[in-house]
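# Sequence unavailable; structure follows:
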């Protein structure tokens, strides 16, 4: 669970006012609000939620998913991964912890693909996989004044949840799929099995696995630590996050915790999704198949 601790320690970085202003300038606001206003498919939702949906659609067409890094020498897109290496000094400037190496058989050369973690660099490159997508989307949603969670999954995927003022609940948001309020897309759409789904925000950490895994056959064994240890860890991280809250806000958060606990408990053994859920859109067919996320 070291990943959860790391995310919790850095979650406040998403409130950087300078970066949020940069994101607000980056988003084509007029286009987003016009799209939200004309969204007949989601006309039953309030404007705030429709704006999030419009942002997701724009971002999906704006940001690029990278299956394999194209050859920097000849442009070949069918490169072969050769694992990761330590970033060089230039790559470290942009928060890179791992740089992937992709080999081109056509010109017998290697291309470096740094997994950037710097907002400005990612707004420039407009590319990456779920980590980069979720990282940027967290900033974009925050810049629009949304309460946002960063969602970590033990089976190597990340996404967001956004608080809906209208529906008074946390709503699933996956920028890679332009998916809004489709929490069962993974289990019922992708055929993905999961053990842990943890939400991290300024208000603390929450085990939200029940929102995404509702069938026993979609659940993987939870072996990272005992349930008691997990509950203790999340409680401590939540206490740390709320250390500076005033008493009234603490009471409000406790009420919201209780309401969400009821919601999460109601999902246990709940029926699968009734709506049609798409297969995974991001990633190549070979890659999704290797991860067991191709709906098979």
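That came in fine, so what should we check first? Nothing here was measured: the structure is a model prediction, and the numbers come from that model. Residues are numbered from 1 along each chain as shown.
# What are the buried residues along the one helix or strand in the chain whose mean pLDDT sits lowest?
Sorting the helices and strands of the chain by mean pLDDT, DSSP states H and E puts helix 285-290 at the bottom, at a mean of 84. Neighbour counts using 16 or more other Cβ atoms under 10 Å place residue 288 of helix 285-290 among the buried residues. (Each C-beta comes from the backbone N, C-alpha and C, glycine too.)
# Other residues contacting it?
Residues from elsewhere that reach helix 285-290, judged by Cβ atoms under 8 Å, 6 or more residues apart in numbering: 67, 190, 280, 294, 296.
# Report the strands that pair with the helix or strand harbouring residue 152, each with its relative direction.
For residue 152, the enclosing helix or strand under DSSP states H and E is strand 148-153. The sheet places strand 148-153 alongside strand 157-164 (antiparallel), strand 197-201 (antiparallel), with pairing taken from DSSP bridges.
# Quick check: which of these is nearest to residue 52?
Of all the strands paired with strand 148-153, it is strand 157-164 that lies closest to residue 52, at 5.7 Å by Cβ to Cβ.
# returning to what we had before: out of the contacts of helix 285-290, which end up buried?
Using 16+ other Cβ under 10 Å as the burial test, the contacts of helix 285-290 include 67, 190, 280, 294 as buried.
# residues contacting the third one?
Same thing as residue 280. The contact partners of residue 280, by Cβ under 8 Å, 6+ apart, come to 177, 189-190, 288, 293-295.
# Check the residues you listed and tell me the two furthest apart.
177 and 294 (13.8 Å).
# residue boundaries of the helices in the stretch 101-250 of the chain?
With helices called from DSSP state H, counting those that start in this stretch, the stretch 101-250 of the chain shows them at 119-125, 130-143, 209-212, 227-241, 247-266.
# for the helix or strand where residue 21 lies, which positions count as buried?
In the assignment (DSSP H and E), residue 21 maps to helix 17-26. Buried residues in helix 17-26, counted by 16+ other Cβ under 10 Å: 19-20, 23, 26.
# The residues you listed into TSV, with extra columns for pLDDT and distance to residue 207?
As requested, those are exported to TSV (pLDDT from 0 to 100; distance: Cβ to Cβ, whole Å):
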residue	pLDDT	distance to residue 207
19	98	29
20	98	28
23	97	29
26	97	33
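# Got phi/psi on the nearest residue to residue 63 once chain neighbours are set aside?
Spatial nearest neighbour of residue 63, excluding adjacent residues (Cβ to Cβ, 6 or more residues apart in numbering): residue 126 at 5.2 Å. When read as degrees, to the nearest 10, the backbone of residue 126 gives phi 50, psi 40.
# what residues are up against residue 126?
Neighbours of residue 126 in contact, by Cβ under 8 Å, 6+ apart: 62-64.
# next one: residue 72
With Cβ under 8 Å, 6+ apart, residue 72 has these contacts: 109, 111-112.
# Show me which of those residues is closest to residue 171.
residue 112 (37.2 Å).
# what's the closest non-adjacent residue to that closest one?
Closest residue in space to residue 112, ignoring its immediate chain neighbours: residue 99 at 5.2 Å, by Cβ to Cβ, 6+ apart.
# I'd like the distance between that neighbour and residue 86.
7 Å (Cβ to Cβ, to the nearest Å).
# Would you mind telling me which of those two has the busier surroundings?
residue 99 (18 against 10; other Cβ atoms under 10 Å).
# what is that one paired to in the beta sheet?
Going by DSSP bridges, residue 99 forms beta bridges with residue 85, residue 114.
# who touches it in this structure?
Residue 99 sits in contact with 84-88, 91, 112-115, where contact means Cβ under 8 Å, 6+ apart.
# and it, what pLDDT?
Looking at residue 99, its pLDDT reads 97.
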